[in-house]
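Novice: got a sequence here, can you model it:
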Amino acid sequence: MIDQGEHEASVDAWLERRARGLSPSALLRLLEAALGALWARTVTTLGEVTLTAIATRVLHNASERFPPFASIRIGADGGIQLGDLREKGSSLPDSELVQGIRFVLVELLTVLGKLTAEILTPELHAELAEVELTEEAAGDDKRGTKSEGKRP
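Specialist: Here you go, the predicted structure:
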């Protein structure tokens, strides 16, 4: 059985590879891409209603520890929308933003793992490991324009 420490190790390894040196706006695009990838991988198995309930609870827990994360919402068409966090994120210290991102991802993976008896965990860890910003996104970030994340 996988424990929370394995989810933490997976998220930490991903952050180390993908988030190092990114600006706050790029970190938020990376979070959005990661949440989108995990949502897409999970929604077919758990269904929209169940996944929305799980994500709502995870986001509530995150907002208690990281108040700026309270603006993250579940979209009407499913998926997670960062909302006002885009504006607030640039004013957060990088370390606090990374800690918030880490908390959201570890919490989500932990809850999903417990709910599914860890059946989805290997797939979700693999999916997360593949999420990255494109080279264009990293370059655009330096100029302050918006770009999309990708999963190779």
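Novice: tell me, how many residues neighbour residue 114?
Specialist: 13 (other C-beta atoms under 10 Å). (Each C-beta comes from the backbone N, C-alpha and C, glycine too.)
Novice: so who does residue 15 touch?
Specialist: 98, 101, 102 (C-beta atoms under 8 Å, 6 or more residues apart in numbering).
Novice: now for residue 39: which residues touch it?
Specialist: 51, 55, 78, 79, 80.
Novice: check the third one and give its pLDDT.
Specialist: By that I understand residue 78. You'll see residue 78 listed with a pLDDT of 74.
Novice: doesn't residue 46 make contact with it?
Specialist: No. In this structure residue 78 lies outside contact range of residue 46 using C-beta atoms under 8 Å: 11.5 Å.
Novice: sorry, back to before: give the ChimeraX command for selecting the buried subset of the contacts of residue 39.
Specialist: This is how ChimeraX selects the buried members of the contacts of residue 39, with burial counted by 16 or more other C-beta atoms under 10 Å:
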select :51,55,79,80
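Novice: and the contacts of residue 39, which of them are in helices?
Specialist: 51, 55 (DSSP state H).
Novice: ranking the contacts of residue 15 by neighbours, who comes first?
Specialist: Neighbour max across the contacts of residue 15 (other C-beta under 10 Å) = residue 101, 24 neighbours.
Novice: please identify which helix or strand holds it.
Specialist: Here residue 101 is covered by helix 94-115, with elements defined by DSSP states H and E.
Novice: what segments of this protein are helices?
Specialist: Under DSSP H, the chain gives helices at 4-18, 24-46, 48-65, 85-89, 94-115, 121-130, 135-143.
Novice: turn these into CSV, columns for mean pLDDT and distance to residue 74.
Specialist: Putting these into CSV (pLDDT from 0 to 100; distance: least, C-beta to C-beta, whole Å) gives the following:
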stretch, mean pLDDT, distance to residue 74
helix 4-18, 96, 21
helix 24-46, 94, 9
helix 48-65, 95, 5
helix 85-89, 81, 14
helix 94-115, 95, 12
helix 121-130, 98, 18
helix 135-143, 51, 24
